[in-house]
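A.B. asks: Build me a model:
(chains A and B)
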Amino acid sequence: MIHVKRNKFYNKLNTYRKAVQLFSLAFLVAVPILVVNGIYSIIGTLYSITIFGVDIVDPAMALQTTILTKKLIETLIIGIIIPVLLAVIFGKVFCSWMCPFNTLSEYWQSIAKKIFPKRAKKVKLQALEVNPKPILYWGILVLLFILTVLLDFPIITFLSAPGIISAEISHYIMGMGLGLEIFVVLAIILIEGFLFKRYWCKYVCPVGGVLSLFRTPFTLRINHNEGSCSCAANAEPCSKSCPLDLSPKRDNLYPYCYNCGLCIKTCEKTGFSALSFGFGKKGIKKFESQKVLINKD
Amino acid sequence: MFKYWFDLLKGKSPLRPPGALPEEEFLKRCIKCNKCAQICPYFSIRMAHAEWGKSMGTPMIFARDIPCYACMKCTAVCPTGALQNDVVKKEEVRMGIAKIDEEKCLPYNGIICRACFENCPIFREAIILEDEFLPKVVAEKCIGCGICENVCPVEGSAIIVYSKEAIAV
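C.D. replies: Numbers count the residues shown, from 1 in each chain, chains lettered A, B, ... in the order given. Reported below is the predicted structural model:
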């Protein structure tokens, strides 16, 4: 019984995630349309947005401005409270639930597979087999911020794919035409489709990178219960279903994983329930392995 | 350098929205969130495109198209303080200074025209009429909103607002 409930829960969770992703895209289109029609209750883009008077600022932008100006700006500190709380409790859920670039990229990957099946297989092969070491992720993030300081110019703004997408939607609807920035997003998507599968969200994106800084030992994470993990060693349906090509069974899942929960959903389908969401790392529980035995019968 | 050519080609002199910090600091602070452009009820604020180089994606006002009416809504929504919201009265705004091209200006050529004088929001202070006829800009009072540039009947405008500092390209 517990198993059926879990299965339903994780299936539902993914349905909700997809709904929120599409809602978020529609939301970004709706905001400038409302603004053009004189309704100013929600204004802004994913760089910074004000929803009914509540200011929200992308922590990556706040960090960039703080580093460049060497000043603590009150409005920025207030603005990052909500995203930081979200990141502390649930991890990088902004990426998996709301980021329009991730939504586009997820759909693009599934389309690319159908249009160029051979190409997709090759791209898949280039992806790393094992979760890369966290130093790679942090290294790229630090490098980007060092570059910002060296150039003395806000380059992170031009590397924030969600920001660019939302800003360009706003530009277009407000009658300012599309800017060259859109080519940054197109370039990333094309490279993702033909060279390196999902490299941007996995390694480079500074928005996700800064959100990862707020991960604590008690943040939502995917736990792997070795006791009930009974798929054949090489099959790994969980890592095959991962949009970022990560393996939830191995170490170094974080800071890369953005808690979309697709691996758990797939694991539930196999009937072993070896993966689950949890706040903080949890050890193997006896009752879970017993439950698997019951399900086998 | 390109700015000069683009100015020439477009006949446009861009201004920053009211309350903008000095150009160098402004570029570091502005995160291109579009809030100022969205809140502007007159659609005066436009986000610059690639032809503005370093200023790409930052807010600008092209007064000949739509000037700033100094409603001061944009300064209140800026999250980074690139537009300082301590400027609340429109009289304190200093976006730029208007300059009259006396060769083009109609009164200086003997034709009666009071378009800039009558539309100036700092009425009778920022633009005065010398001998009840010739318009003159009072630099200390001019807020640089560009309404005069917008209403000037001369082709290409005989009164143009130049931003306090050259906008970085």
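A.B. asks: Now the phi/psi pair for residue B:162, please.
C.D. replies: With angles defined as degrees, to the nearest 10, residue B:162 sits at phi -100, psi 130.
A.B. asks: Kindly apply the preceding question to residue A:210 instead.
C.D. replies: Per degrees, to the nearest 10, the backbone of residue A:210 is at phi -70, psi -40.
A.B. asks: Please report the number of neighbouring residues for the residue nearest to residue A:257 when sequence neighbours are not counted.
C.D. replies: Spatial nearest neighbour of residue A:257, excluding adjacent residues (C-beta to C-beta, 6 or more residues apart in numbering or on different chains): residue A:246 at 5.7 Å. C-betas here are computed from N, CA, C, even on glycine. By other C-beta atoms under 10 Å in any protein chain shown, 25 other residues sit near residue A:246.
A.B. asks: One more: residue B:140?
C.D. replies: For residue B:140, using other C-beta under 10 Å, the count is 9.
A.B. asks: Same question for residue A:238.
C.D. replies: 25.
A.B. asks: contacting residues around it?
C.D. replies: A:247-249, A:263-264, A:266-267, A:275 (C-beta atoms under 8 Å, 6 or more residues apart in numbering or on different chains).
A.B. asks: ok, back up a step: how about the contacts made by the residue nearest to residue A:257?
C.D. replies: A:131, A:202, A:239, A:253, A:256-257.
A.B. asks: just to revisit the earlier point, restricted to helices, list the contacts of residue A:238.
C.D. replies: The helices, defined by DSSP state H, take in A:263-264, A:266-267 from the contacts of residue A:238.
A.B. asks: Just give me the closest of the contacts of residue A:246 to residue A:173.
C.D. replies: Among the contacts of residue A:246, residue A:202 lies closest to residue A:173 (C-beta to C-beta), at 31.0 Å.
A.B. asks: That closest one - how many residues pack around it?
C.D. replies: Counted with other C-beta under 10 Å, residues neighbouring residue A:202 total 25.
A.B. asks: Ok, the one 4 residues further on next?
C.D. replies: Residues within reach of residue A:206, counting by other C-beta under 10 Å, total 24.
A.B. asks: ok, now residue A:115?
C.D. replies: Residue A:115 has 9 neighbouring residues, counting by other C-beta under 10 Å.
A.B. asks: what subset of the contacts of residue A:238 is also close to chain B?
C.D. replies: By C-beta under 8 Å from any C-beta of the partner chain, no member of those lies near chain B.
A.B. asks: could I get those residues as JSON lines with pLDDT?
C.D. replies: JSON lines is the format used below for the contacts of residue A:238 (pLDDT from 0 to 100):
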{"residue": "A:247", "pLDDT": "86"}
{"residue": "A:248", "pLDDT": "87"}
{"residue": "A:249", "pLDDT": "84"}
{"residue": "A:263", "pLDDT": "89"}
{"residue": "A:264", "pLDDT": "90"}
{"residue": "A:266", "pLDDT": "88"}
{"residue": "A:267", "pLDDT": "86"}
{"residue": "A:275", "pLDDT": "88"}
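A.B. asks: start to end distance for stretch B:123-133?
C.D. replies: 15 Å (C-alpha to C-alpha, to the nearest Å).
A.B. asks: Show residues contacting it.
C.D. replies: Against stretch B:123-133 from outside (C-beta under 8 Å, 6+ apart): B:98, B:107, B:112, B:114, B:116-117, B:120, B:135-138, B:141-143, B:148.
A.B. asks: Could you single out the nearest of the contacts of residue A:246 to chain B?
C.D. replies: residue A:202 (24.4 Å; C-beta to the nearest C-beta).
A.B. asks: so the closest one sits right up against residue A:243, yeah?
C.D. replies: No. Residue A:202 is beyond contact range of residue A:243, at 9.1 Å (criterion: C-beta atoms under 8 Å).
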